[in-house]
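*Asks:* Requesting a structural model of the entry that follows:
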Amino acid sequence: MSPPPSEEGLVAWLRTATALRSGGARRTLIGDDTATLPSGQVVTVDQQIEGIHFPAGLAPAIVARRLLAVNLSDIAASGARPRHAFLALAAPPEFDHRAFFRALVAACDKHGIALAGGDLALSDKLHLSLTLMGERRPGDGTLAREQARAGQHLWIGGTLGESALGCELLRRGAHSRGTGVVLPASFSVKGN
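*Replies:* From the prediction side, this is the model:
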């Protein structure tokens with residue numbers, strides 16, 4: 001059995017395999033982290049899986065905000081404004097669905113997004129997928145990584161390494177409480 005392909009390699013293969021014929025030329029709908037449909041709508045989908053993207057037992061509100069944030073960054077990177085979201089949620093029966101939905105709806109409201117539908121299922125562990133649709137302002141062109149040129153500005157949403165630091169803190173025993181983080185008693189910070 002061969003090793004699984006890298007994400008980049010698989011996406012490159014998919015771009016070729018799914019290219020559409022258009023006036024004798026081939027073009028693909030698959031973009032960087034988004035696809036721009038012929039209608040001009042921009043679409044992205046990201047999933048979060050318990051134990052892979054976040055630790056088991058993470059507060060439902062944090063999971064909700066994280067799920068929306070990864071999709072928002074993709075829509076923003078393509079130069080679009082988010083408009084509609086579709087959620088697929090598979091969760092254990094004891095999962096606090098209401099806390100999750102309160103946080104997700106509040107985060108959607110903050111960004112002008114309507115939660116427009118989706119699917120719910122039971123599962124032994126939490127698995128979420130959010131599809132986010134956005135639109136560009138009339139006259140705005142498509143933004144893609146391959147169009148970037150030397151001398152252009154690079155905009156970053158948030159602090160570089162913040163997500164990795166959060167994962168490391170959780171791995172070392174930190175946990176969320178309300179809107180804060182509780183560090184374990186054994187945690188120490190080494191100075192420079």
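
*Asks:* strands paired with the longest strand along the chain, and their directions?
*Replies:* Counting by DSSP state E, the longest strand found in the chain is strand 81-91. Partner strands for strand 81-91, per DSSP bridges, with pairing direction: strand 114-122 (parallel), strand 127-135 (antiparallel).

*Asks:* Looking at the ones you listed, spot the one closest to A35.
*Replies:* Closest approach to A35 among these (C-beta to C-beta): strand 127-135, 10.2 Å. Bear in mind the C-beta positions are built from the backbone N, C-alpha and C, glycine included.

*Asks:* and that closest one, average pLDDT?
*Replies:* Averaged across strand 127-135, pLDDT comes to 96.

*Asks:* In the very next helix or strand once past that strand, which residues are buried?
*Replies:* Counting by DSSP states H and E, the next helix or strand C-terminal to strand 127-135 is helix 162-171. Buried residues in helix 162-171, counted by 16 or more other C-beta atoms under 10 Å: G166, L170.

*Asks:* next structured bit after helix 162-171?
*Replies:* Counting by DSSP H and E, the element after helix 162-171 in chain order, helix or strand, is strand 175-177.

*Asks:* Report all helices and strands that that following strand contacts.
*Replies:* strand 180-182 (3 or more C-beta pairs under 8 Å, 6 or more residues apart in numbering; DSSP states H and E).

*Asks:* The strand it packs on pairs with which strands?
*Replies:* strand 175-177 (antiparallel).

*Asks:* quick one: contacts of the partner strand?
*Replies:* The contact list for strand 175-177, computed with C-beta atoms under 8 Å, 6 or more residues apart in numbering, reads G57, L58, A59, I62, V181, V182.

*Asks:* Can you say which helix or strand has the fourth one in it?
*Replies:* With secondary structure defined by DSSP H and E, I62 is part of helix 60-77.

*Asks:* next one: that helix to chain centre, how far?
*Replies:* 5 Å (C-alpha atoms, centre = their mean, to the nearest Å).
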